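> pasted the sequence and its predicted model underneath.
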Amino acid sequence: MEGTTSVERAEAETDRPEETTTRPVLQILLVEDEATLRQVIARNLSAYGHTVLQAATGADALYELAAHEPDLILLDINLPDLTGWEVLRLMRGRGQVVPTVVISAVRVSQARIEEFQPLAYLPKPFPLESLLRVVGDIHVHD
């Protein structure tokens with residue numbers, strides 16, 4: 001789909017699972033400032049049975065993290081108030097460790113990957129199927 005945006009490709013994806021498999025149901029914090037992309041991702045994750053908490057800013061993300069204990073964070077790096085890296089640093093300062101998948105339209109340096117050790121890095125635009133596959137591979141630890 002050359003020439004289309006990640007949102008257009010995401011909307012072209014199905015929002016229903018193709019097959020029924022036993023996968024863990026996760027509580028996921030989705031931090032993405034682009035409203036349409038956030039809604040498409042949330043709808044698709046919900047279709048797989050996951051609970052999706054949504055945040056459009058770093059401050060919103062920190063609020064959700066104070067109120068909930070998500071199993072996974074899907075974190076955009078370029079947010080209007082804080083960077084995703086700042087959110088991760090503040091979480092560390094609070095003693096919060098939550099598996100994180102970084103999603104970003106800007107290139108992420110190897111140094112950042114090594115410093116923050118995300119489960120995965122998905123450069124935008126990414127196929128929605130890739131994100132669903134990464135989330136489907138997450139194992140909830142008790």
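Structure's in. What do you need?
> how far off centre is the top helix by length along the chain?
Longest helix in the chain, counting residues (DSSP state H): helix 35-47. Distance, stretch centre to chain centre, for helix 35-47: 10 Å (Cα atoms, centre = their mean, to the nearest Å).
> buried ones in that helix?
37, 38, 39, 40, 41, 42, 44, 45 (16 or more other Cβ atoms under 10 Å). Heads up, the C-betas are built off the backbone N, CA and C, glycines and all.
> next: stretch 119-131.
Buried residues in stretch 119-131 (16+ other Cβ under 10 Å): 120, 121, 122, 124, 125, 126, 128, 131.
> among these, name the ones in strands.
Taking DSSP state E as the definition of strands, the buried residues of stretch 119-131 contribute 120, 121, 122.
> looking at those, which one is closest to residue 26?
residue 120 (14.3 Å; Cβ to Cβ).
> gap between that closest one and residue 131?
Applying Cβ to Cβ, to the nearest Å, the value for residue 120 to residue 131 is 9 Å.
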